[in-house]
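# Can you look at this prediction? I've put the sequence above it.
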Amino acid sequence: MFDSQKNASSISPTRLSPKPRDSRGDPKMTQMSRCIDDRPRVRWMQPELLQVKGETFVSLRDPAGIQAEVMLLSPLAYQLTGLMDGLNTRSEILQQARERWGVSLQPDQLDQLLNSLEERYVLDNATSRGYLRDLPSRPAAHAGSAYPADSEELRQFLDQLLEGSPKKQGPASSAYLIPHIDLRRGRDSYAQAYNHAGAGLEEFDLFVILGITHAYSHNPFVLTRKDFETPLGLVETDRETVEKLASGLSFDPFLDEFNHLGEHSIEFQLVFLQHLRSRPLKILPILCGSFQAHLETPSWPEEDGRVAEFLRRLGEIVPRQRTCWIASVDLAHMGQRFGGPPLSVAALKKIEERDRESMRQAASGQARDFLATLQEDKGQRNYCGTSAIYSLLQVLQPGPGTLLNYQQCNEPGLTSTVTVASVSFP
């Protein structure tokens, strides 16, 4: 545990990095903001312990990308953010700091920290929600890093990825499982899926894309009304369908809408779809949260009423004709990088056997049979796609599909692997 007394004076805003960028990507320098929230709540940030010149800090990375720089907090400041859950008042935060850590803070010290977090859009409140509301569209977060930012370079890049894989003749399938791993690493599986779909993608009026939220979400599904930018143009979100879907739910599917801003699992599919189609694209973008609890303690996801109602509404609202469904998913994450032991040839063979059984059950079109293969090992393979695969199968209940490709993306020395696959459904 941190030495809270030692850090009691170290919650100054000078411990934080520069201010965030505005929606156009330019530095936004303003006067010091003032937080007026009595029950502050922080947005989810990715924490990491750092040692800087012998001192301990917690770096916070914003998965939404609003705060472009990594923020450094003292240990005490980070502990205080853990009390900012939207339920505790300021006085209760100070009281809990005394009771838990024996630290007596003055109200103005907490104010300093809150004002600094407010200034950097870290708090989930009117300021950060206003930032999200005023964004004209969801920016292309990974252009220039995961793929070229120039449109012509991007088209050449995608053509090269699709080379060497056979192209299917005839109509595209109405549903696919396609990876969201780095485009180069998952090249074979991307190519098999999109060459299978090919020109048949022109037939569809709507694409339902079930991505995975890699940031924490309070609810099992996250929606957005934003259109999506890519170097190939603007992708229109079907707002009418989004509103119909959201209006019938008992939970707020926009609560974690920030997660859409930095998430790659939907964005990667869009550049392929735009590249292969000659006409504009309309999508229903959905981020799926974790179903891990249903694997560790085996249960059916619909036992969570929020999952049951969302999948029911989704099946009722989205037309079956001229709609293509894509679950943007990766499979196992195994090895040292993911908290496990190093791998071996024998271990990789065993992983492949288990993965292929999971994909065989997924391709059968039976959602619960697929989920059962992951419940058998309590989710130890760390699938980054369970919820999206299950949701697609449960809503569509498709006929038997075809495994187009399976591959293991191994790191040097077999320290770790990410496995991926592509599947088509009629």
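Cool, the structure landed. Numbers count the residues shown, from 1 in each chain.

# Average pLDDT for the longest helix along the chain, rounded please.
Longest among the helix segments of the chain by residue count, using DSSP state H, is helix 345-363. Mean pLDDT, helix 345-363: 98.

# Give the buried residues for that helix.
Neighbour counts using 16 or more other Cβ atoms under 10 Å place 347-348, 351-352, 354-355, 358-359, 361-363 of helix 345-363 among the buried residues. For every residue, glycine as well, the C-beta is placed using N, CA and C.

# Pipe those into JSON lines and attach distance to G65 per row.
Formatted as JSON lines, those follow (distance: Cβ to Cβ, whole Å):
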{"residue": "A347", "distance to G65": "36"}
{"residue": "L348", "distance to G65": "34"}
{"residue": "I351", "distance to G65": "33"}
{"residue": "E352", "distance to G65": "35"}
{"residue": "R354", "distance to G65": "35"}
{"residue": "D355", "distance to G65": "32"}
{"residue": "S358", "distance to G65": "32"}
{"residue": "M359", "distance to G65": "33"}
{"residue": "Q361", "distance to G65": "36"}
{"residue": "A362", "distance to G65": "32"}
{"residue": "A363", "distance to G65": "36"}
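
# Distance of I209 relative to Q51?
41 Å (Cβ to Cβ, to the nearest Å).

# before we move on, the earlier item: nearest to I181 among the buried residues of helix 345-363?
D355 (13.9 Å; Cβ to Cβ).

# Surely that closest one and D330 touch.
No - assessed by Cβ atoms under 8 Å, D355 is found out of contact with D330, at 11.0 Å.

# picking up where we left off before, show me what the longest helix of the chain is in contact with.
Here helix 345-363 makes contact (Cβ atoms under 8 Å, 6 or more residues apart in numbering) with 177, 331-332, 334, 343, 369-370, 372-374, 377, 381, 383, 389, 393, 400-403, 406, 408, 410, 414, 417, 419, 421, 423, 425.

# if you set the cut-off to 7 Å instead, what comes out?
177, 331-332, 334, 369-370, 373-374, 381, 389, 393, 400-403, 406, 408, 414, 417, 419, 421, 423 (Cβ atoms under 7 Å, 6 or more residues apart in numbering).

# Same check on stretch 35-50?
If you take Cβ under 7 Å, 6+ apart as the criterion, stretch 35-50 is touched by 56-63, 78, 81, 84-90, 114-115, 117-118, 122-125, 128, 215-216, 258.

# And for stretch 137-146?
65, 149, 182-183, 224, 226-231, 234, 260-262, 264, 267.

# if I pick the closest residue to I212 other than its chain neighbours, what's in contact with it?
The shortest distance from I212 to any non-neighbouring residue, by Cβ to Cβ, 6 or more residues apart in numbering, is to S265 (4.9 Å). Counting by Cβ under 7 Å, 6+ apart, S265 touches 180, 211-212, 328.

# can you tell me how far R39 sits from L414?
When R39 is compared with L414 (using Cβ to Cβ), they lie 49 Å apart.

# before we move on, what about F254?
On the measure of Cβ to Cβ, F254 and L414 end up 42 Å apart.

# What's the local residue count around V122?
For V122, the count of nearby residues is 27 (other Cβ atoms under 10 Å).

# for P148, what are its contacts?
154, 157.

# partner strands of whichever strand or helix holds Y176, parallel or antiparallel?
Applying DSSP states H and E as the criterion places Y176 in strand 175-178. Strand pairing for strand 175-178, using DSSP bridges, gives strand 323-328 (parallel), strand 416-425 (antiparallel).

# Could I get the CA-only coordinates of that strand as CSV?
Extracted C-alpha coordinates of strand 175-178, given in CSV (Å, rounded to 0.1, in the frame of the first residue of the first chain):
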residue,chain,number,x,y,z
ALA,A,175,-22.9,-12.5,-41.1
TYR,A,176,-19.2,-12.8,-40.3
LEU,A,177,-16.8,-13.2,-37.4
ILE,A,178,-13.7,-11.1,-38.3
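
# Following that strand in sequence, what is the next regular element?
Next helix or strand after strand 175-178 toward the C-terminus (DSSP H and E): helix 187-197.

# And the contacts of that next one?
Everything outside helix 187-197 that qualifies as a contact, by Cβ under 7 Å, 6+ apart, is 161-162, 165-168, 172-173, 176, 178-179, 183, 272, 276, 404-405, 407, 420-422, 424.

# Just the buried ones out of those residues, please.
Listed as buried from the contacts of helix 187-197 are 161-162, 165, 168, 172-173, 176, 178-179, 183, 272, 276, 404-405, 407, 420-422, 424; burial here means 16+ other Cβ under 10 Å.

# Could you report the separation of G379 from E296?
Distance from G379 to E296, counting by Cβ to Cβ: 6 Å.

# Looking at these two, which is more packed in?
G379 (19 against 11).

# ok, the nearest residue to the more buried one once chain neighbours are set aside - how many residues close by?
Distances taken as Cβ to Cβ, 6+ apart place L295 nearest to G379, at 3.3 Å, with adjacent residues excluded. The number of residues packed near L295 is 24, by other Cβ under 10 Å.

# burial of P342, as a residue count?
P342 has 12 nearby residues by other Cβ under 10 Å.

# Identify the residues contacting it.
P342 neighbours (Cβ under 7 Å, 6+ apart): 335-336, 414-415.
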